[in-house]
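Peer 1: I'll drop the sequence and a predicted model, then ask my questions.
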Amino acid sequence: MDDNSKREARDRLIMEALIARRLSTEKEMSTTSAELERLRRQELVLTEEVRLLDEILGAVPAMPVARSRMEPEQVHTILSPPPAPEFQEVAPPLAVPAEPVDDKKRRKGLRRGELADMLRKRFTDKEFSLDEVVELLLEVEPGDRRKAYHAAWRTVGILEEAKAVTVVSETPSGKGVRKTYKLIPA
């Protein structure tokens, strides 16, 4: 191999390496450029959100984001105290009604005691599961199965704490343990 062909081969390798480097640099530049554009859009969205939050909270209008150094007097945050009012009004005393008003919302439907009595009537001689209690609840009060399950679970738990029911068996199921209960004779 003569010097001329060696030189040509070396030049070709150098040229290929430079072209490959240029292509990878262009690819990295386009990726970085796209990321920078995405960050600019995100900055605009977040700046608008901060402005809206400041407006809602009654804070001082948002300052431009581009400032690199700010004096402590220039920094306004959400935690800054609002400006003091020029005068303060004294609120009139609250009027108290002469007699108490019963505004409590009462739950419609079965109470726990009624449900416990129904359980005693239906399951005195046999074992039962939580699903059977849910079905009993839905027979008496048709409605949301999720709420019925929660009511049944809570009632059986209270009866278990009060030693009115006992756990007869526990079998593993999908997410936990499926329990079978039996009423303890009173």
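Peer 2: It's in. Numbering: from 1, shown residues only.
Peer 1: Quick one: find the helix or strand in the protein with the lowest mean pLDDT.
Peer 2: Across the helices and strands of the chain, the lowest-confidence element by mean pLDDT, DSSP states H and E is helix 112-122, at a mean of 78.
Peer 1: Other residues contacting that helix?
Peer 2: Contact with helix 112-122 is made by 110, 128, 133, 136-137, 140, 151-152, 154-155, 158-159, 164, 183, as judged by C-beta atoms under 8 Å, 6 or more residues apart in numbering. Yep, even glycine has a C-beta here, placed from its N, CA and C like the rest.
Peer 1: What mean pLDDT does the longest helix along the chain get?
Peer 2: Using DSSP state H, we find that the single longest helix of the chain is helix 3-57. Mean pLDDT, helix 3-57: 90.
Peer 1: about what we covered before: need the max-distance pair from the contacts of helix 112-122.
Peer 2: 140 and 164 (19.5 Å; C-beta to C-beta).
Peer 1: So if I had to pick from these two, which one is more boxed in?
Peer 2: The neighbour comparison of residue 140 against residue 164 (other C-beta atoms under 10 Å) goes to residue 164, with 17 against 14.
Peer 1: Ramachandran coordinates for the more buried one?
Peer 2: Torsion angles at residue 164 (phi, psi; degrees, to the nearest 10) stand at phi -90, psi -20.
Peer 1: List the contacts of the closest residue to it other than its chain neighbours.
Peer 2: Nearest residue to residue 164, sequence neighbours excluded (C-beta to C-beta, 6 or more residues apart in numbering): residue 184, at 6.0 Å. Residue 184 makes contact with 163, 164, 165, 166, according to C-beta under 8 Å, 6+ apart.
Peer 1: Report the buried members of these.
Peer 2: Buried members of the contacts of residue 184, counted by 16 or more other C-beta atoms under 10 Å: 164, 165.
Peer 1: got TSV for the contacts of residue 184, with pLDDT and distance to residue 30 too?
Peer 2: Formatted as TSV, the contacts of residue 184 follow (pLDDT from 0 to 100; distance: C-beta to C-beta, whole Å):
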residue	pLDDT	distance to residue 30
163	85	72
164	83	72
165	87	69
166	89	70
